[in-house]
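> The sequence and its predicted three-dimensional model are supplied below.
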Amino acid sequence: MQVLTPRGTSALFAGLLAFVGLSIAPRPVSGAHNSAAPGKYYLALGDSLAYGVTAEGVPVDPTCTTQPSYGYVCLFFRYLKQQQPALSLVNLSHPLEDSCEVLNGYGPGSPCTRPLDAPIAAPLPEAVAFIHAHQGEVNPITVNIGGDDLLPLLPNAAVDPLGTAAKLPKVFSSFGKNLDSLLAQLRAAAGPSTSIIVINQYNPLGGISSPPLPSGLPQVATSAIAGMNNIVKSEAAKYSAAYADVASAFDAWPGGASVLTFVPPTLASGDPTKLNILPTADGYRVYAGAVIKASGFMVNPSISLKISPKTVRTGKKFHISGKTSAYATVTLKLTPPSGKLRSLAGAVADDGTYALRVSAQKRSGTGHARVCAMDLANQRVCSGTMTYHVR
């Protein structure tokens, strides 16, 4: 496990703001059911989101070997393991990587010219080599890239929105060519039956107006969002890849997409250099849910329920526990002897287990418990009703 140190706070701010232009999404494309099971390896290519970066100073684990591990890749990986327990993860993502660097890396001999702190090896050639070395065993492949392609424009976006907007066509042209090359090479190496999922960009400022945002910034963001996500959608269709509409999932969240990011608390600090638009834990759950739906690798959810002890004294504690899909949310519907319905929410651990501690009320008699779960793909399942006794 390691702690990610970004390339300077101001660079992080600029890099993160790149995503400001990445949200107003094209019309959602629903993922069809994928009849094939995951292969032996799940291969991920992407930037900070695939790497699992969240709040500053929080350890990251791109290999998903520790718990909890942040990032949609870890959530998707553990969801897939419900279908394919022997699945292994190959995560070739790199924080703050743009579309040029994923193709060519950064350093001597690379055509990529962004000033970075250290050389970066090109992930795509490594990915293609891995696919060739494990023919028929890599499935699925996820790709999220594009936010940092806007990085050179953003330092001046707030002070010169019109000038920034005028530079967008050149950025889109370069990004489109790079994404096309990336998907062409992946599809040629993986073959037609491998599931490739290409992910669009969410709007971390969704739901926030101007002010407090600088005047003109939301409009520039809208143009950048539409252009970037239209390219992603078009290229995904060209190479028969699934299109994961994370943007719409974030936009549909109560209060707007920004609620699923660290933007509100960091914006309130008054220091724009500390703005963090990366997802919160809830944000990564929503992100992973959109990827799952697009992938078609849906797991039929199930849930078990256990009450211990089944007979409890008035005012004492008893336990409701069981197992369901990893990272689901559970809601307990409890009808005590008084007959007044109680509703309690709980979280599910990485292994799918949940446990709720409940206090028996002071009226004796028979109570009833039922628990429902909502998995990452928003599929709902409920247990049968069980009884318990209060004496």
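Happy to help now that I have it.

> use CA for all of it now, contacts and neighbours both
OK.

> Centre of the chain to the longest strand along the chain, how far?
Assignment by DSSP state E gives strand 365-374 as the longest strand of the chain. Averaging C-alpha positions (C-alpha atoms, centre = their mean, to the nearest Å) puts strand 365-374 31 Å from its chain's average.

> got the buried residues for that strand?
For strand 365-374, the neighbour count (16 or more other C-alpha atoms under 10 Å) marks 366, 367, 368, 369, 370, 371, 372, 373, 374 as buried.

> same deal with stretch 258-278?
Quick answer for stretch 258-278 (16+ other C-alpha under 10 Å): 258-264, 266-267, 273-278.

> follow-up on the earlier one: following the longest strand of the chain in sequence, what is the next regular element?
Counting by DSSP states H and E, the next helix or strand C-terminal to strand 365-374 is strand 380-382.

> re the thing from before, packing partners for the longest strand of the chain?
In terms of contacts (3 or more C-alpha pairs under 8 Å, 6 or more residues apart in numbering; DSSP states H and E), strand 365-374 is packed against strand 329-335, strand 380-382, strand 386-390.

> That one pairs with which strands?
Take DSSP bridges as the rule and strand 365-374 pairs in its sheet with strand 329-335 (antiparallel), strand 380-382 (antiparallel), strand 386-390 (antiparallel).

> got the residue ranges for the helices in this structure?
Applying DSSP state H to the chain gives helices spanning 9-17, 48-51, 72-80, 99-104, 123-133, 161-190, 217-238, 246-251, 263-268, 281-295.

> Let's have those helices in CSV, adding distance to residue 211.
Below are the helices of the chain laid out as CSV (distance: least, C-alpha to C-alpha, whole Å):
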stretch, distance to residue 211
helix 9-17, 16
helix 48-51, 28
helix 72-80, 31
helix 99-104, 32
helix 123-133, 40
helix 161-190, 15
helix 217-238, 10
helix 246-251, 19
helix 263-268, 11
helix 281-295, 24
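
> For residue 115, which of those helices is the nearest?
Closest approach to residue 115 among the helices of the chain is made by helix 9-17 (10.3 Å; C-alpha to C-alpha).

> Could you pull up the mean pLDDT of that closest one?
The pLDDT scores in helix 9-17 average 36.

> likewise stretch 307-325?
92.

> ok, and for it, which residues are buried?
Result for stretch 307-325 [16+ other C-alpha under 10 Å]: buried residues 307, 311, 312, 313, 314, 318, 320, 322, 323, 324, 325.

> If we ignore the residues flanking it in sequence, what's nearest the second one?
Here the nearest residue to residue 311 in space, its sequence neighbours aside, is residue 389; by C-alpha to C-alpha, 6 or more residues apart in numbering that works out to 4.6 Å.

> re the thing from before, any idea which of the helices and strands packed on strand 365-374 is most buried?
Most buried of those by mean neighbour count (mean count of other C-alpha atoms under 10 Å) is strand 329-335; its value is a mean of 20.

> remind me which residues of the stretch 101-250 of the chain are low pLDDT?
Confidence mapping of the stretch 101-250 of the chain against pLDDT under 70 gives the ranges 155.

> looking at the strands paired with strand 365-374, which is closest to residue 139?
Across the strands paired with strand 365-374, closest to residue 139 is strand 380-382 (C-alpha to C-alpha), at 26.2 Å.

> how does the chain divide into domains?
Domain assignment of the chain by automatic domain parsing yields the ranges 2-295, 306-390.

> and among the ones you listed, the most buried is which?
Scoring those by mean count of other C-alpha under 10 Å, the most buried comes out as domain 2-295, with a mean of 20.

> mind checking how far that domain is from the chain centre?
The chain centre lies 9 Å from the centre of domain 2-295; the measure is C-alpha atoms, centre = their mean.

> Now do the same contact list for the residue nearest to residue 139 when sequence neighbours are not counted.
In this structure, residue 139 finds its nearest non-sequential neighbour in residue 39, 4.7 Å apart by C-alpha to C-alpha, 6+ apart. Counting by C-alpha atoms under 8 Å, 6 or more residues apart in numbering, residue 39 touches 84, 87, 136, 137, 138, 139, 140.

> What sits closest to the first one if chain neighbours are left out?
Spelled out, it's residue 84. Using C-alpha to C-alpha, 6+ apart, the closest residue to residue 84 is residue 38 (6.2 Å).

> hang on, residue 214 packs against residue 158?
Yes - if you go by C-alpha atoms under 8 Å, residue 214 and residue 158 touch, sitting 5.8 Å apart.

> Strands of the stretch 1-150 of the chain, start to end?
2-3, 41-46, 59-60, 88-91, 138-144 (DSSP state E, counting those that start in this stretch).

> Show me what the longest one pairs with in its sheet, parallel or antiparallel.
The strands that strand 138-144 pairs with in its sheet are strand 41-46 (parallel), strand 196-199 (parallel) (by DSSP bridges).

> How about residues contacting the shortest one?
The one in question is strand 196-199. Contacts for strand 196-199 (C-alpha under 8 Å, 6+ apart): 139-145, 187, 232, 236, 240-246, 291, 294-295.

> switch to 10 Å and redo it
With contact meaning C-alpha atoms under 10 Å, 6 or more residues apart in numbering, strand 196-199 is reached by 31, 43-46, 139-146, 179, 183, 186-187, 190, 229, 232-233, 235-237, 239-247, 287, 290-292, 294-296.
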